[in-house]
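Chemist: 3D, please:
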Amino acid sequence: MENQEILILKRKVKFLTINLYVITLLIICFFLYSFVSNKNETFNEITAKKLTIVEPNGQTRLVLANSQNSPANLMHGKTYGLKEGGRPGLIFFNDELTECGGLVFTGKKDIKTGEYFASGHFSFDQYDQNQVLYLQYLDDNGSKKTGLYVDDWHKDPNFAEWRKEYKEAEKIPNDIERKKRLEEIRFPKNSEPAFANRVFIGKDINKDAVLNLSDTKGNVRLQMKVDSLGNAQILFLDDKGRITSKFPQ
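Modeler: Numbering: from 1, shown residues only. The predicted structure is shown next:
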């Protein structure tokens, strides 16, 4: 009788063990299916410190992150310049895993001084270069400049190499040699600048509503503005910034 009870007990244990294996297998299959399923999911709310959008091959295309987790600069998949962190918002990457623009923002008051700084920046970069089209808001404790910018950037060297040269030049201890080298980097070929602002439409720190059109060296040649007192004026300037004609006179 006792042996029969032991036999029955063994059968029950075996049955429960088999059931446990089956349930575990079903749970694993469920989670695996959940991860590989192509079904679109809908969420009411997602809380995250970083969200990375990737292509089918896994390459990063867009990163949405807080300040701590924002990505480093990338040029063809390699880091340069800024380290990770400090750029809360969106960062865009092109097909070659090179940063090509973004939407970032800041705003903070110094508790000790009471002064603040705030900014908003939405930009698109030239291929292998820096930004050439951007909307920007800067507010340095009440000194504000807001507008749309269109810039020129040279084609060679690429921005990563150019920035490396510029940062190395800033470390030159001798003032005269440092200024000379920085000038050479800013104007690398036939006095043509590495970059220049060509168009600005916005409001400057003097509270003037302004349209600036500049030449390839960044010199403003035509300016239309309405100043803070409501006075309207059109200015024509030479490459030295001298007014050659204006309306009204």
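Chemist: quick one, strands of the chain?
Modeler: 50-54, 60-65, 74-75, 78-79, 89-93, 99-109, 116-125, 131-140, 143-153, 195-203, 209-214, 220-226, 232-237, 243-247 (DSSP state E).
Chemist: do you know which of these lies nearest residue 187?
Modeler: Using CB to CB as the measure, strand 195-203 is the one of the strands of the chain that comes nearest residue 187, at 10.2 Å. For every residue, glycine as well, the C-beta is placed using N, CA and C.
Chemist: Check what contacts that closest one and list those residues.
Modeler: Identification of contacts with strand 195-203 by CB atoms under 8 Å, 6 or more residues apart in numbering yields 130, 144-154, 209-218.
Chemist: Now with 7 Å, please.
Modeler: 130, 145-153, 209-214, 216-218 (CB atoms under 7 Å, 6 or more residues apart in numbering).
Chemist: same question, stretch 239-249
Modeler: 215, 219, 233-238.
Chemist: With stretch 42-58 instead?
Modeler: With CB under 7 Å, 6+ apart as the criterion, stretch 42-58 contacts 60-66, 69.
Chemist: list the buried ones in it?
Modeler: residue 52 (16 or more other CB atoms under 10 Å).
Chemist: pLDDT on it, on average?
Modeler: For stretch 42-58, the mean per-residue pLDDT is 92.
Chemist: Can I get that stretch as PDB, trimmed to CA atoms?
Modeler: The C-alpha coordinates for stretch 42-58 follow below in PDB (Å, rounded to 0.1, in the frame of the first residue of the first chain):
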ATOM      1  CA  THR A  42      -0.300  52.400 -29.100                       C
ATOM      2  CA  PHE A  43       0.700  54.100 -25.800                       C
ATOM      3  CA  ASN A  44      -1.000  56.800 -23.900                       C
ATOM      4  CA  GLU A  45       2.300  58.000 -22.300                       C
ATOM      5  CA  ILE A  46       5.900  57.000 -22.400                       C
ATOM      6  CA  THR A  47       8.500  58.200 -19.900                       C
ATOM      7  CA  ALA A  48      12.100  57.800 -21.000                       C
ATOM      8  CA  LYS A  49      15.500  59.500 -20.600                       C
ATOM      9  CA  LYS A  50      16.500  58.600 -24.200                       C
ATOM     10  CA  LEU A  51      14.700  57.400 -27.300                       C
ATOM     11  CA  THR A  52      16.700  56.200 -30.400                       C
ATOM     12  CA  ILE A  53      15.100  55.800 -33.800                       C
ATOM     13  CA  VAL A  54      17.000  53.400 -36.000                       C
ATOM     14  CA  GLU A  55      16.800  52.100 -39.600                       C
ATOM     15  CA  PRO A  56      16.100  48.400 -40.400                       C
ATOM     16  CA  ASN A  57      19.800  47.700 -40.300                       C
ATOM     17  CA  GLY A  58      20.100  49.200 -36.800                       C
END
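Chemist: what pairs with the residue nearest the centre of the chain across the strands?
Modeler: Centrality entry for the chain: nearest residue to the mean C-alpha point is residue 102, 3.5 Å, by CA atoms, centre = their mean. With DSSP bridges applied, residue 102 shows beta-bridge pairing to residue 91, residue 123.
Chemist: For it, give me its contacts.
Modeler: Listed by CB under 7 Å, 6+ apart, the contact partners of residue 102 are 89-92, 123.
Chemist: what distance separates stretch 100-115 from the centre of its chain?
Modeler: Remark: stretch 100-115 is offset 14 Å from the chain centroid, using CA atoms, centre = their mean, to the nearest Å.
Chemist: No more questions from me, cheers.
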